[in-house]
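J.: sequence unknown, structure follows:
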């Protein structure tokens, strides 16, 4: 029919599908119950990372890392290193290496959020981190969140964010579809945010009207009377956050040996033996439980919480940093010079010729 409306663009399409397998049904029920129990959200702020778009994958983008840095320039530096190492170790010929190094040079001199090298688009992307809250408590891990056991504090973690495909039109379950609809108009409105931050947030509703939920992560927070403070970074599974809490309690910063002329360590850096013993006992009881999500020690309450990240999507893909997303420093040279043949020059030209 000629009068039938044309297909909606991918960045506006939310495709919901029903999966009839038992695992999906349990996951949907768990998600629905959690959203009802923790109906409100607390926005922490933006996180930045990297994405790439290869030939033949348009309009999809693929995340290159964890998306866990707090400043855009940190992500640009990460891209700088990624491309430099790619030129050193993976370039197939001089033309490819030259293209990669030209992008590195650009990243060394300008705070750009997108470069194209060897036919691949690379972008610094932005997401907002938030947690759900209800009854004065942040949401803990869900029973259906992928988890593991084991208390090896040095065990490697498997990323669920690296390699994630950002595809706004990909089919999702009913609860995630409803969540995304509810997040479409999420913006910074609280007075604690500066005027330019609120204005940029409101503008993004128009420039990047779609939203995609990234895989959840897990953190440990310390609960205070009116707020929470982060204790650990983000982890792919709840058990990773639990192990990080044990590490926090049992591996305090070691005391440095006394050296002539060195100032005395401040009190907060010194190890209190009594406190260390209490923390050790608390950690031992914590690890004796299976998948615990809270711990109280010396009047401090630690919670393992579920953290979500929402990325805004526009006609050309994921949102980049906003003008009000500030940096503490600018671009700079990170790695030594390399030519198209792969020859690396360390130090200044005078040092290299001597």
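T.: Ah, there it is. Here the structure is a predicted model, which means the values were calculated and not measured.

J.: wait, a strand at residue 115?
T.: Yes - assessed with DSSP: H, G, I helix; E, B strand; the rest coil, residue 115 lies in a strand.

J.: OK, contacts around it?
T.: Residues near residue 115 by CB atoms under 8 Å, 6 or more residues apart in numbering: 79, 83, 103, 106, 107, 121, 122. (Each C-beta comes from the backbone N, C-alpha and C, glycine too.)

J.: hmm, 6 Å instead?
T.: Applying CB atoms under 6 Å, 6 or more residues apart in numbering, we find residue 115 in contact with 103, 106, 122.

J.: which strand residues bridge it?
T.: Taking DSSP bridges as the rule, residue 115 bridges to residue 122.

J.: what's the distance between it and residue 91?
T.: Applying CB to CB, to the nearest Å, the value for residue 115 to residue 91 is 15 Å.

J.: list the contacts of residue 31.
T.: The neighbours of residue 31, taking CB under 6 Å, 6+ apart as the test, are residue 175.

J.: so which helix or strand takes in it?
T.: According to DSSP states H and E, residue 31 maps onto helix 22-37.

J.: any figure for the gap between residue 272 and residue 220?
T.: To residue 220, residue 272 is 21 Å away according to CB to CB.

J.: how many other residues sit next to residue 330?
T.: Counted with other CB atoms under 10 Å, the neighbours of residue 330 add up to 10.

J.: then residue 146?
T.: 13.

J.: tally of neighbours for residue 224?
T.: By the criterion of other CB under 10 Å, residue 224 has 10 neighbours.

J.: more crowded one of residue 272 and residue 220?
T.: The residue with more neighbours, out of residue 272 and residue 220, is residue 220; 26 against 11, by other CB under 10 Å.

J.: which SSE is immediately downstream of the helix or strand hosting the more buried one?
T.: Per DSSP H and E: residue 220 is located in strand 217-223. Next along the chain after strand 217-223, taking DSSP H and E as the criterion, comes strand 228-230.

J.: can you give me the strands in the stretch 251-354 of the chain?
T.: Under the criterion DSSP state E, counting those that start in this stretch, strands of the stretch 251-354 of the chain are mapped to 294-297, 300-314, 317-318, 337-338, 344-345.

J.: what does the third one contact?
T.: Read it as strand 317-318. Around strand 317-318, the neighbours that count as contacts under CB under 6 Å, 6+ apart are 51, 61, 125, 166, 311.

J.: strands paired with that strand, and their directions?
T.: On the basis of DSSP bridges, the sheet neighbours of strand 317-318 come out as strand 300-314 (antiparallel).

J.: and the angle from the partner strand to strand 217-223?
T.: Angle of strand 300-314 versus strand 217-223, following axes from the mean of the first three to the mean of the last three CA atoms, to 10 degrees, is 140 degrees.

J.: state the mean pLDDT of strand 300-314.
T.: The pLDDT scores in strand 300-314 average 97.

J.: can you tell me the SS state at residue 152?
T.: Classification of residue 152 by three-state DSSP places it in coil.

J.: what residues are up against it?
T.: Applying CB under 6 Å, 6+ apart, no residues contact residue 152.

J.: how much space between it and residue 162?
T.: For residue 152, the distance to residue 162 equals 21 Å [CB to CB].

J.: report all helices and strands that the biggest helix by length in the chain contacts.
T.: With secondary structure taken from DSSP state H, the chain has its longest helix at helix 72-89. Judged by 3 or more CB pairs under 6 Å, 6 or more residues apart in numbering; DSSP states H and E, helix 72-89 is in contact with strand 40-53, helix 94-109, strand 120-134.

J.: among the ones you listed, which is the most enclosed?
T.: Of the helices and strands packed on helix 72-89, the one with the most neighbours on average (mean count of other CB atoms under 10 Å) is strand 120-134, at a mean of 21.

J.: what's it packed up against?
T.: The contact analysis (3+ CB pairs under 6 Å, 6+ apart) places strand 120-134 against strand 40-53, helix 72-89, strand 300-314.

J.: quick one: the shortest one to strand 120-134, angle?
T.: Using the same axes, to 10 degrees, one finds that strand 40-53 and strand 120-134 are set 170 degrees apart in direction.

J.: mind giving me the packing neighbours of strand 40-53?
T.: When contacts are defined as 3+ CB pairs under 6 Å, 6+ apart, strand 40-53 packs onto strand 61-63, helix 72-89, strand 120-134.

J.: contacting residues around it?
T.: Outside strand 40-53, the residues that touch it by CB under 6 Å, 6+ apart are 61-65, 67-69, 72, 75, 79, 120-123, 125-133, 318, 325.

J.: and if you look at the last one?
T.: Applying CB under 6 Å, 6+ apart, the contact partners of strand 300-314 are 11, 127-131, 138-139, 141, 168, 183, 204, 207-208, 210-214, 216-217, 219-223, 238, 241-242, 245, 293-295, 318-319.

J.: which of those are buried, as a PyMOL select command?
T.: Restricted to buried positions by 16 or more other CB atoms under 10 Å, the PyMOL selection for the contacts of strand 300-314 reads:
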select buried, resi 11+127+128+129+130+131+138+139+141+168+183+204+208+210+211+212+213+214+216+217+219+220+221+223+238+241+242+245+293+295+318+319
